[in-house]
Structures are given as C-alpha cells and as structure tokens.
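Q: Pasted the sequence and its predicted model underneath.
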Amino acid sequence: MINSNALAALLEALGTDLVATGAAIPDRRHSDWSGVPGSVPLALLRPRTTEQLARMLRICNEHGQTVVPQGGLTGLAGGACCGPEDVAVSLERMNAVEEVDPVSGTLTVQAGCTLQTAQEAADAAGFLFALDLGARGTCTIGGNLSTNAGGNRVIRYGTMRDQLLGVEAVLADGSVVSGLHKMVKNNTGYDLRHLLAGAEGTLGIVTRAVLKLHPQPKSVSTAWCGLPNYEAVTTLLGRAKAELPGGVSAFEVMWPSYLAFMMDKVKGLRAPLPRRHAMNVLMESAGADAVHHPAAFEEFLARMLEEGVLEDAAVASSSSDARALWAVRDATAEFPIMLPGMAAFDVSFAIGDIGRAAIECEALLRQRWPGCTALVYGHLGDGNLHVIAHIEGGKPAETRAIEDAVYDLVRRYHGAVSAEHGIGSLKRKVLGHTRSPAELAAMRAIKHALDPKGILNPGKVV
C-alpha cells in the first residue's frame, strides 16, 4: 500500500529538492543491472549531508515506510530494485573525496563517491586503492561496501571489507553511528564496520568511510599460461605465492570451453597461445623493484616450464600486451549481448574442490540440457568460480531448473552461493544452501535489533 502520510511528511520536512516524485525520478533509479524487474519508487531521496539522511530515515521509520538504498546500480543480485511502495535513497550528491592522509595511508570518502574517483585520488597521492572491478566508473564506495565487493585483486589485498578501517552510517531509526577511525588495531567491542560491510543496506546506510591505501607497485608483470591439468594450476598458484618476490596480485583461471567461445564469438581478441591447453591461467604479479621483479617473474616461469608445471607461457612485454591478455578475460562484459537470458552464477568453493566441481558442473549442464552453452572461469586464488549457462530460446522454467541444479552442486560441495555479488532478492531462496539454520536465525536477530520495523531494503538478504 502507498504510504501517503510518509510521503507528505518527507515533502513537508525536506522539500522537492531533496524528495523527488513521479516524472522527476530518473528511469535508471527503478532497478539495478540484475535484470530483476523494477518499478517507479514512491519517492527518491537525495540527501546532501548525513544529517539530512538521518532526518529522512527518522521520518520513514516513524511511518513504517520502506526504504531501498541505491549506489551506482551495477549490482547483479537485485539488491537495489524498488517496488512502487518503496522510497529509494541515493547518495549521489554525497560523492566527495574528503581527505587523503599520506602518513596514516588512508583515504576518507563519502559513500556516493565512485570507485574510479577513489582510485584516482589515491593514485594522485602516490598510493594504490586496491579494490578494482569492471564497473569502476559507475559503482560507488557505498555500494562496494554494502555488497563487500571483490574483483580481480582479492587474492592479494582481500575484499572491500579488508580495505575498510572506519565507517559512518545512519541506522533505521535515524541515529548516526560514526566510527571514522584510521587505526588498524581497534579492539573495542563489536565491530560495526564489518557488520555493515556485506549487509546490502539491510542494517543501515553507509554515508562515509575511511579506506586503507597501499604503496603503488613499481612493476607489474603479466603472463598467460597453458597448463596440462587442474593439479598443475594449484601447483602454479602455490609456487607463485611462495617464490615470486611480489607474490600474486591476480590469478584468473579459464577452462577450454571459455577460451574457445571467446575466440570464436568476440571480435578483436588475439589467441594468447598457439595451441589448446587443458587449463589457462592469466597471472599477474606486482612488485616494488622495477628492475629485478620482471626478471624474477620470467625466471620463475622458466622453472615452471622446465618442471612441466606449464606447457607454454606468453609474457607481456608492454602495457599494451598486458591489456590484450586481460581483454580475453574481461570480454565477459559481452555476455549479456551474446547470450541474452543466460543464467549466470557467482559461487565459491574450497580451492582444492574447484577442479572437480567445475568439471562436474559443465558435464551436468551439457548432459541435462544438450546444446547448452556452458562456460566456466574464475578468480581461483580466492575460490571464486563463475559459471555461464545459456539455452537458445530457453524458457524461464528451464532457467530455474538450471539454477536448482547448479546451486544443489554448490551445496553438495559445501561452497557458497554468492562469492562477490551479494544475496539481494535473487539468491535469498538459496541462502540456506550456504548458511545453517542457526546462522540464519542469528542474522534475523541482528536485523530485528537494528531495524525492528523492517524498513531497510525489505525482501533482501534475509
């Protein structure tokens, strides 16, 4: 039911500049990139300050008005989609980089700041902000925190939660929790920053964050590797972590079907190696020594070739070569165009299980749905596997059956139904595959304690 009293109270208290309705709400605010159908929300709230947001939520809580927080709307789990009875909240006006502290090695930003803006601010000060993903120009820090975003560098730097030192947020009742600390060591009770990171706006709306910065690498070496089997892949990963002076900053694994599909369907891609291999790895290592690190990288690959861990390898000799190698992995952005209506999975397994799980998943899809396009690839270093399944002219019932089959496989391997895209509304029904009844009960208890009226992002996560 439309809450006219809440809307009237918001307009009276805040005015049309901060409270947009009807045709004044941009179309892009209806839903995210997940494909979940969206609606025109009852209103769009666009605060300029934390205090304004606190007042908005106080009014909404008093009237039991549901609120859907939105960032850059690049999410893939339906977490930012609105219904006609919801009020949407966008922090696009709270987008400032407030401070770069070179002594503490921290970056303080407002939640509406885009990831790319944060990266550029860190780079201008001679630092690296480690989180990186393809939607960097659109996604926001608040959204990255709310979904605990991952990306390509998780193997070395961790997820967004690992970049977070301090956070400010507004809770459902309009109260503000502010812990904008710069300390790595802060052992003072419950850690609200880690509770809010990954909560997808169901416990509070993040407004500002203190983020950890890292030294800029002086050298980045990239290679495409062909390997004989999955055991060789895990051997390469373990040896690279132990023997490369800069460790491993990216370790992307692609099964043969993925590479063959990309070479056949995506124009402009160049085959990294001349012949087919059972496994393909795009490996990157970042180091602090511009002279010795590249040499150590090539020496390491030469050892792996001599020992039979690798069958072949192509080392990027320039930044353009590296971009060409990454283009093969990043061409996944073409999937929605090439494979409309596809079922896409973002799951995770123990690294030791991924090889068996991937083979079983691909075989299951092709056996039960002959002619199905099944593609497997992922960030092996953090256990994240992506699976794409597409049936030409497939019906919704077939897509649901594919989802049931893949998520059942994840449950059998004790994996996770979401590795880096969150739960949102799309994966809520399978959250029990990953979390025990006791864990789900604890999550609901936390939700009820912080949001007893259930106004924040209803129908999402729990």
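A: Alright, I've got the coordinates.
Q: Identify the residue nearest the residue nearest the centre of the chain in space, chain neighbours excluded?
A: Nearest to the mean C-alpha position of the chain, by CA atoms, centre = their mean, lies residue 149 at 3.3 Å. The spatial neighbour of residue 149 that comes closest, neighbours along the chain excluded (CB to CB, 6 or more residues apart in numbering), is residue 160 at 4.6 Å. In this view, the C-beta of every residue, glycine as well, is placed from N, C-alpha and C.
Q: thought the residue nearest to the centre of the chain was touching residue 132?
A: No. With the criterion set as CB atoms under 8 Å, residue 149 and residue 132 do not qualify as a contacting pair; they are 9.5 Å apart.
Q: residue contacts, the residue nearest to the centre of the chain?
A: For residue 149, the contact set (CB atoms under 8 Å, 6 or more residues apart in numbering) comprises 131, 133, 139, 143, 159-160, 420.
Q: And those residues, which is closest to residue 111?
A: Each of the contacts of residue 149 was scored against residue 111 by CB to CB, and residue 143 proved nearest at 8.1 Å.
Q: Mind pulling up the pLDDT for residue 378?
A: If you check residue 378, the pLDDT there is 88.
Q: So it belongs to a helix, correct?
A: No. Assessed with DSSP: H, G, I helix; E, B strand; the rest coil, residue 378 is strand; it does not lie in a helix.
Q: For residue 146, see how far away it is.
A: 23 Å (CB to CB, to the nearest Å).
Q: Quick check: mean pLDDT of stretch 347-365?
A: Summarised as a single mean, pLDDT over stretch 347-365 is 94.
Q: next one: stretch 391-401
A: 90.
Q: Kindly check the end-to-end length of it for me.
A: For stretch 391-401, the separation between the terminal residues is 12 Å (CA to CA, to the nearest Å).
Q: how about that stretch: buried residues?
A: Under the neighbour-count criterion of 16 or more other CB atoms under 10 Å, stretch 391-401 has 391, 394, 398-399 buried.
Q: Equivalent analysis for stretch 315-329, please.
A: Of the residues in stretch 315-329, those with enough neighbours to count as buried (16+ other CB under 10 Å) are 315-316, 321-322, 324-326, 328-329.
Q: Just give the number of residues close to the residue nearest to residue 149.
A: Residues near residue 160, counting by other CB atoms under 10 Å, number 27.
Q: How is the protein divided into domains?
A: Structural domains assigned to the chain are 4-92, 97-215, 219-333, 339-421, following automatic domain parsing.
Q: CSV please, covering those and showing distance to residue 461.
A: Listed next are those as CSV, based on distance: least, CB to CB, whole Å:
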stretch, distance to residue 461
domain 4-92, 8
domain 97-215, 5
domain 219-333, 25
domain 339-421, 10
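Q: Relative to residue 450, tell me which of the ones you listed wins on proximity.
A: Among the domains of the chain, domain 97-215 comes nearest to residue 450, with 4.8 Å by CB to CB.
Q: measure that closest one end to end?
A: With CA to CA as the measure, the ends of domain 97-215 fall 19 Å from one another.
Q: how far out from the middle of the chain is it?
A: Here the centre of mass of C-alpha atoms in domain 97-215, compared against the chain's by CA atoms, centre = their mean, to the nearest Å, lies 13 Å away.
Q: Which of the buried residues of stretch 315-329 fall within strands?
A: Using DSSP state E, residue 315 are the members of those that sit in strands.
Q: from the buried residues of stretch 315-329, which is closest to residue 298?
A: residue 315 (6.1 Å).
Q: quick one: that closest one and residue 298 touch, right?
A: Yes. Contact status for residue 315 versus residue 298: in contact at 6.1 Å, counting by CB under 8 Å.
Q: so what sits against both of these two?
A: Shared contacts of residue 315 and residue 298, defined by CB under 8 Å, 6+ apart, comprise residue 221.
Q: Over to the nearest residue to residue 266 once chain neighbours are set aside. Which of the three states is it?
A: The spatial neighbour of residue 266 that comes closest, neighbours along the chain excluded (CB to CB, 6+ apart), is residue 331 at 4.8 Å. Each residue gets one of three states, and residue 331 gets helix by three-state DSSP.
Q: rewinding a little: more neighbours: residue 378 and residue 146, which one.
A: Between residue 378 and residue 146, counted using other CB under 10 Å, the more crowded position is residue 146 (31 against 24).
Q: before we move on, the earlier item: can you tell me how far the residue nearest to the centre of the chain is from residue 408?
A: 27 Å.
Q: ok, now residue 325?
A: Shown here: residue 325 relative to residue 408, a distance of 35 Å by CB to CB.
Q: What of residue 240?
A: Going from residue 240 to residue 408 by CB to CB gives 33 Å.
Q: ranges for the helices of the stretch 51-200 of the chain?
A: Under the criterion DSSP state H, counting those that start in this stretch, helices of the stretch 51-200 of the chain are mapped to 115-124, 141-146, 154-157, 192-196.
Q: remind me which residues of the stretch 1-150 of the chain are low pLDDT?
A: Per-residue confidence of the stretch 1-150 of the chain (counting by pLDDT under 70) places the weak regions at 1-2.
Q: let's go with 90 and repeat that
A: Across the stretch 1-150 of the chain, the stretches falling below the confidence threshold (pLDDT under 90) are 1-4, 23, 26-39, 74-78, 133-135.
Q: hey, where'd the strands end up in it?
A: 19-20, 43-45, 67-70, 87-90, 97-101, 106-110, 127-128 (DSSP state E, counting those that start in this stretch).
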